[in-house]
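A.B. asks: below is the sequence, then the predicted model.
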Amino acid sequence: MLRERSRFLPVLLTAIVGLGALSIDMFLPSLPAMTLAFGSDAATAQLTVTLFLAGLAAAQLFWGPLSDRLGRRRVLLTGLAVYAAAGTACAFAPSMSLLVAARVVQALGAGSGPVIARAVVRDLYESERAARVLAAMGTAQALTPILAPMLGGWVHVLAGWRAVFVVLGAFGAAFLVTAWRIVPETNVYAGARGAGEGGGLAALLRHPRYAAYVAAAALMFSGQFAFITGSSFALITILGVSPTVYGLCFGAVAVGLMAGNFVSVRFGPRLGIDTMIAGGTMIGAAAGVVMSALAWAGVASVATVIAPMFCYAFGLGWVLPNAMAGAIGPFPRMAGLAAAGAGFVQLTGSALYAIAVSHTDDGTLRPMTTAVATAGIAALVTFALLRRGRGVLDSTERRRP
């Protein structure tokens, strides 16, 4: 039984980390149709995505510290149960306002997955090894944005947008049953005196290494999320692609993320966490600038959006696993809080950024592409300044016992 657990546990953790992305990406092809069904506008419809992300972020601050005190297993099971139940509520919501509310509850349940799965990785591995494991998980997770919009598009065509939420609820129930069977308790400090203590999130954010890694991940992901929330309207409404073709386009960007994670698995241990992050932010900034320049020059096509976003996602694949491993590595007694804090800043910042971008819509590709470029440049500059000013050095990380 223990051998069976060890074999399937990484697969389940990978699926659970991707639960939030699955809940967003699978629904994206249905956004325009849902907007028409409720007689809503694009900005209001996007709340089903942005508020989901905000709820996902806030929930991590609850589940992460709770798992430090009570243990990973029971907290994870509770969160997955909430997620599965909320899927049913989303499927039968009679109005946009109630759908948005149900999505927030769904996000609260989903928030247990990413933070606890990453904390489990920290419980089991030291920083360099954790970065490699997280990158390997990220390679598999990149299949989510490839497959989820395609699956969502097919479900939408066959049974309508409400059926998408039925499928999401079924995924949640399946994860709950599987986690109940195979997830062990990995937090050796659970219930011990001082477990989960250490000054809270504010103290973590004052830690120079933690701040640098969290900032890099949050800024880069903000650019990716600006694309996620705006891509359905950019590609379907402006460029006129079908929901099924949209899923293929979105999947092409996810291949870039998967390729970046693969490179991180292969070369990350050799180059070091900081070098991978610096390189990834440089790639993201360059890709964003190219995409934005093309949009402002009036060159609007699927290729001028997807090709640069492929490169941006490739750089993001370098940044995310290394930044997460660097952020949570020094805090074994607060792995849940450290993972939660990183996730909260990343997701909250991205949601606020996407909301701001949605209100600049002018019927062209310029707002979305400019947002991607701005985020990439900000990530590059911010990480460079924090690394130089606060002494975040690869050599320090490699010498850590």
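C.D. replies: Looks like it arrived, so ask away. Numbering: from 1, shown residues only.

A.B. asks: where does the chain have low pLDDT?
C.D. replies: Within the chain, the stretches with pLDDT under 70 are 1-7, 125-129, 132, 136, 138-143, 145-146, 188-201, 330, 332, 389-401.

A.B. asks: look through it and tell me its longest helix.
C.D. replies: Assignment by DSSP state H gives helix 243-271 as the longest helix of the chain.

A.B. asks: show me what counts as buried in it.
C.D. replies: Neighbour-count burial for helix 243-271, with 16 or more other CB atoms under 10 Å as criterion, is recorded at 243, 245-265, 268-269, 271. For glycine as for every other residue, the C-beta is placed from the backbone atoms N, C-alpha and C.

A.B. asks: hang on, isn't residue 346 packed against residue 218?
C.D. replies: Yes - at 4.3 Å, residue 346 counts as touching residue 218 under the criterion of CB atoms under 8 Å.

A.B. asks: how many neighbouring residues does residue 242 have?
C.D. replies: Residues lying near residue 242 (other CB atoms under 10 Å) number 13.

A.B. asks: outside of the strand or helix carrying residue 157, which residues touch it?
C.D. replies: Here residue 157, judged by DSSP states H and E, is contained in helix 143-159. Contact with helix 143-159 is made by 18, 21-22, 25-30, 33, 163-164, 167, 243-244, 246-248, 250-251, 253-255, 257-258, as judged by CB atoms under 8 Å, 6 or more residues apart in numbering.

A.B. asks: let's see that with 7 Å instead.
C.D. replies: Residues from elsewhere that reach helix 143-159 (CB atoms under 7 Å, 6 or more residues apart in numbering): 18, 21-22, 25-30, 33, 163-164, 167, 243-244, 246-248, 250-251, 253-255, 258.

A.B. asks: how far is it from where the chain is centred?
C.D. replies: 18 Å (CA atoms, centre = their mean, to the nearest Å).

A.B. asks: got the angle for it vs helix 243-271?
C.D. replies: 170 degrees (axes from the mean of the first three to the mean of the last three CA atoms, to 10 degrees).

A.B. asks: tell me how far the helix or strand following helix 143-159 lies from the chain's centre.
C.D. replies: Using DSSP H and E, the helix or strand that follows helix 143-159 in sequence is helix 161-182. Centre-to-centre, helix 161-182 and its host chain are 19 Å apart (CA atoms, centre = their mean).

A.B. asks: same check, this time on stretch 26-45
C.D. replies: With CA atoms, centre = their mean, you get 22 Å for stretch 26-45.

A.B. asks: cool, stretch 202-218 as well?
C.D. replies: Chain-centre distance of stretch 202-218: 17 Å, with CA atoms, centre = their mean.

A.B. asks: what comes up buried for that stretch?
C.D. replies: 204, 207, 209-218.

A.B. asks: need the CA coordinates for it. CSV is fine.
C.D. replies: Taking C-alpha atoms only, stretch 202-218 is exported to CSV below (Å, rounded to 0.1, in the frame of the first residue of the first chain):
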residue,chain,number,x,y,z
ALA,A,202,4.2,40.2,6.8
ALA,A,203,7.4,38.8,8.3
LEU,A,204,7.9,36.5,5.4
LEU,A,205,7.5,39.3,2.9
ARG,A,206,10.3,41.2,4.7
HIS,A,207,12.6,38.3,4.2
PRO,A,208,14.8,39.4,1.3
ARG,A,209,15.0,36.0,-0.5
TYR,A,210,11.2,35.4,-0.1
ALA,A,211,10.3,38.9,-1.4
ALA,A,212,12.5,38.5,-4.5
TYR,A,213,11.1,35.1,-5.5
VAL,A,214,7.5,36.0,-4.8
ALA,A,215,7.8,39.3,-6.8
ALA,A,216,9.3,37.5,-9.8
ALA,A,217,6.5,34.9,-9.9
ALA,A,218,3.7,37.3,-9.3
